[in-house]
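Asker: Mind looking at a prediction? Sequence and model below.
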Amino acid sequence: MENLEFQLGEGESTSFWNHHWTGSLTLADQFPRLFRLSNNPGGSIKSMGTWNDGVWEWNLEWRRILLDREKDQVSALLSSINNFKLVKGKPDGWKWKLLPDGCFTVKSAYKAICDGVCAPQQKNHALSVIWNAPATHNAKVTAWRMMCGRMATIDNLLKRQVPIPNSEIVCKLCYLEDEDTEHLFFSCQKSTEIWYVILSWLGVQSALPSSKTAHFLAFINLGRKKDVRFLSGAWICVVWCIWKQRNRCIFDQGSWIKEKIVAEIKSRLWGWQKTFQMGSLPSDFRSWFEAVSLVD
């Protein structure tokens, strides 16, 4: 329930006394004596007042004339509910806090579950491996920002209240789904093709998760322990090249050519493995370009 948030509308479907609309306790629990004295103990919020020139006014009715100490409790009750604003004509409902539009999706729930399984120790471990990976500084910063949810992807821009037309929220690689971090890098059919080609190049077969932390940890453990250093650099390189090509498609009217992107990834990794001494890998470029098998 931590990702759900109740949003009060006009109060028609919410019980004034018996629902948790003001906090962790119901008003019946907070003010039991007034609850017993109420003339409408099962009534909705909407039934407890009226609209007067567009302004909501509470009109609580009691079974008898209240004593002075009971009137003090009424004052405390009104003080506790006056900050809650009803919205005329809007139904009560729940907001899914993980998405900007507040609407629940199975995809976002699955992502939350995956992130919950991996966080926080595994996420911290992933960030540490990324920061110490054999890759250029800019590429590591890109991967680190993506892992921390700080990339300027459409979903993150919407969370920051950046106005984006509905026509611009679609993924510019596949044009099939709205762009968010996990989709762009790990589940978009275009980026997924890149990952499968790279897996084949490495001589391994594996189904990778779509959650960023789980994806990274699964990828760097595809080989042996001695391969983790190289694989962390390879993962960063793929993420970086996908991001660069995404930006070319948006800002430079570039086109997505799988073979060209894969070649860029392999070429950059060739330079990185020479610079950062990634281990015993093919020494000539032709052999490197054809295959880097992690399997003996």
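Answerer: Yes, it's here. Numbering: from 1, shown residues only.

Asker: What are the neighbouring residues in contact with Pro134?
Answerer: Counting by CB atoms under 8 Å, 6 or more residues apart in numbering, Pro134 makes contact with 229-230, 232-233, 272-273, 275-278. C-betas here are computed from N, CA, C, even on glycine.

Asker: How much space separates it from Trp195?
Answerer: 20 Å (CB to CB, to the nearest Å).

Asker: So the residue positioned nearest the centre of the chain: helix, strand or coil?
Answerer: The centre of the chain sits closest to Leu98, judged by CA atoms, centre = their mean, with a distance of 5.6 Å. Going by DSSP: H, G, I helix; E, B strand; the rest coil, the secondary structure assigned to Leu98 is coil.

Asker: Just the pLDDT for it.
Answerer: Per-residue confidence at Leu98 stands at 70 (pLDDT).

Asker: Now do the same contact list for the nearest residue to Gly43 once chain neighbours are set aside.
Answerer: Nearest in space to Gly43, with sequence neighbours left out and distances taken as CB to CB, 6 or more residues apart in numbering, is Phe16 at 5.6 Å. Taking CB under 8 Å, 6+ apart as the criterion, Phe16 is in contact with 27, 40, 43-45, 47-48.

Asker: of those, buried ones?
Answerer: Among the contacts of Phe16, those classed as buried by neighbour count (16 or more other CB atoms under 10 Å) are 27, 43-45, 48.

Asker: which of those sit farthest apart?
Answerer: Across the buried ones among the contacts of Phe16, the two members that end up farthest from each other (CB to CB) are Leu27 and Ser44, 12.5 Å apart.

Asker: got the residue ranges for the strands in the stretch 51-200 of the chain?
Answerer: Assigned strands in the stretch 51-200 of the chain, in chain order: 55-58, 93-96 (criterion: DSSP state E, counting those that start in this stretch).

Asker: can you put these in CSV and add mean neighbour count and distance to Gln245?
Answerer: Compiled in CSV, the strands of the stretch 51-200 of the chain are given as follows (neighbours: other CB atoms under 10 Å; distance: least, CB to CB, whole Å):
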stretch, mean neighbour count, distance to Gln245
strand 55-58, 12, 53
strand 93-96, 14, 31
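
Asker: Comparing those strands by mean pLDDT, which bottoms out?
Answerer: Ranked by mean pLDDT, the strands of the stretch 51-200 of the chain end with strand 93-96 at the bottom, a mean of 80.

Asker: So for Asn3, what's the pLDDT?
Answerer: The predicted structure scores Asn3 at 68 on the pLDDT scale.

Asker: before we move on, what about Gln121?
Answerer: Per-residue confidence at Gln121 stands at 74 (pLDDT).

Asker: so what's it up against?
Answerer: With CB under 8 Å, 6+ apart as the criterion, no residue contacts Gln121.

Asker: What distance do you get for it to Asn59?
Answerer: As judged by CB to CB, Gln121 and Asn59 stand 54 Å apart.

Asker: cool, Glu10 as well?
Answerer: The separation that Glu10 has from Asn59, given CB to CB, amounts to 15 Å.

Asker: all helices in the chain, in order from the N-terminus.
Answerer: Counting by DSSP state H, the chain has these helices, from start to end: 27-30, 32-37, 68-81, 106-118, 121-131, 137-147, 154-159, 181-182, 189-202, 212-220, 228-251, 258-276, 285-290.

Asker: Quick one: those as CSV, columns for distance to Glu5 too.
Answerer: Below are the helices of the chain laid out as CSV (distance: least, CB to CB, whole Å):
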stretch, distance to Glu5
helix 27-30, 19
helix 32-37, 25
helix 68-81, 18
helix 106-118, 14
helix 121-131, 24
helix 137-147, 26
helix 154-159, 15
helix 181-182, 22
helix 189-202, 32
helix 212-220, 24
helix 228-251, 31
helix 258-276, 40
helix 285-290, 51
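
Asker: And the ones you listed, which one averages the lowest pLDDT?
Answerer: Least confident of the helices of the chain, judged by mean pLDDT, is helix 106-118 with a mean of 61.

Asker: what's the closest non-adjacent residue to Lys190?
Answerer: Leu173 (4.1 Å).

Asker: Run a quick check on that neighbour versus Ser191, I expect a contact.
Answerer: Yes. With contact defined as CB atoms under 8 Å, Leu173 reaches Ser191; the gap is 6.6 Å.

Asker: In terms of neighbours, single out the busier of the two.
Answerer: Of the pair Leu173 and Ser191, Ser191 is the one with more neighbours under other CB atoms under 10 Å, namely 26 against 20.

Asker: just to revisit the earlier point, any idea of the pLDDT on the residue nearest to Gly43?
Answerer: 95.
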